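Chemist: Return atomic coordinates for the entry below.
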Amino acid sequence: MAFELPKLPYSTNALAARKMCQETLELHHGKHHQAYVTALNGFVDKDASLQGKSLDDIVKSTAAAGGPVFNNAGQHWNHILFWQCMSPSGGGIPGKLEAKINADLGGVAKFKDEFKAAGVSQFGSGWAWLVLAPDGKLKVTKTPNGSNPLATGEGKVLLACDVWEHSYYLDFRNVRPDYLQNWLDHLANYEYAAAQL
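Modeler: Below you'll find the model as predicted:
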């Protein structure tokens, strides 16, 4: 069965008031994410060893080798999460998650500083993540290009933020720090993150 582009959990103009314009979402979801899905399906069609595998299995089995199959599978996996990690009513942190952030990361302000630093310091394209690490503690991490915590074994993803330029260029030009601060304060779906705990 072919992989499919998931529907957005909100309309393409739903995040505009929070500084992610409709054109950004239309291009990012409808063009960029669709391109990863189309390319991945093309690779699966040509490789019997990939057929019948789940997306998770393809990401994990191709991570060590890298290359185009991993890049497109990873980006499809990452974006499925990214859309869920934003909300038109984002920014508010539920008590359960706030308590865990306070205990593991030294408070909400420190967590946001660390997450923003991870995204800003990711050279070129990549992702910033909040994960529940295998030791049961929250951890902020980053990955280049299409890689992710599933591939690296760093833990269960609670939040995923895309720091490729196409995620923010129309809204913030080349000022990635402002995009990340806005994302953390106004777009991040902390309700989703709390549910993953």
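
Chemist: can you give me the strands for this structure?
Modeler: Taking DSSP state E as the test, the strands found in the chain are 126-132, 138-144, 156-162.

Chemist: Of these, which is nearest residue 192?
Modeler: Residue 192 lies closest to strand 156-162 among the strands of the chain, at 7.8 Å (Cβ to Cβ). For the C-beta atoms, the positions are set from N, CA and C on the backbone; glycine is no exception.

Chemist: Of all the strands of the chain, which one is nearest residue 168?
Modeler: That would be strand 156-162 among these, by Cβ to Cβ, at 8.4 Å.

Chemist: returning to that earlier point: identify whichever of the strands of the chain lies nearest to residue 109.
Modeler: Using Cβ to Cβ, the strands of the chain put strand 138-144 closest to residue 109, at 13.2 Å.

Chemist: Which parts of the protein are helices?
Modeler: For the chain, the helices defined by DSSP state H occupy 22-27, 34-46, 55-62, 67-84, 95-105, 108-121, 149-152, 169-172, 176-182, 190-196.

Chemist: Could I get the buried residue list for the third one?
Modeler: Looking back up the chat, that one is helix 55-62. The neighbour-count check on helix 55-62 (16 or more other Cβ atoms under 10 Å) flags 58-62 as buried.

Chemist: Residue 182 contacts residue 19, doesn't it?
Modeler: Yes. Shown here, residue 182 and residue 19 form a contact pair, counting by Cβ atoms under 8 Å, at 5.1 Å.

Chemist: Can you pull the residues that touch both of those two?
Modeler: residue 172 (Cβ atoms under 8 Å, 6 or more residues apart in numbering).

Chemist: Can you tell me the centre-most residue of this protein?
Modeler: Nearest to the geometric centre of the chain sits residue 160, at 3.1 Å (Cα atoms, centre = their mean).

Chemist: got the contact list for that one?
Modeler: Contacts of residue 160 were listed using Cβ under 8 Å, 6+ apart, and they are 78, 81-82, 85, 127-129, 148.

Chemist: before we move on, the earlier item: tell me which of the strands of the chain lies nearest to residue 48.
Modeler: That would be, of the strands of the chain and by Cβ to Cβ, strand 138-144, which comes in at 28.8 Å.

Chemist: which secondary structure elements does the closest one contact?
Modeler: helix 95-105, helix 108-121, strand 126-132, helix 149-152 (3 or more Cβ pairs under 8 Å, 6 or more residues apart in numbering; DSSP states H and E).

Chemist: about what we covered before: quick one, grab the pLDDT at the residue nearest to the centre of the chain.
Modeler: With respect to pLDDT, residue 160 scores 98.

Chemist: nearest residue to it other than its sequence neighbours?
Modeler: residue 81 (4.2 Å; Cβ to Cβ, 6 or more residues apart in numbering).

Chemist: and if you look at residue 111?
Modeler: Residue 111 sits nearest to residue 105 (Cβ to Cβ, 6+ apart), 4.3 Å away.

Chemist: can I assume residue 19 is in contact with residue 180?
Modeler: No. Applying Cβ under 8 Å as the test, residue 19 and residue 180 come out as separate, 11.7 Å apart.
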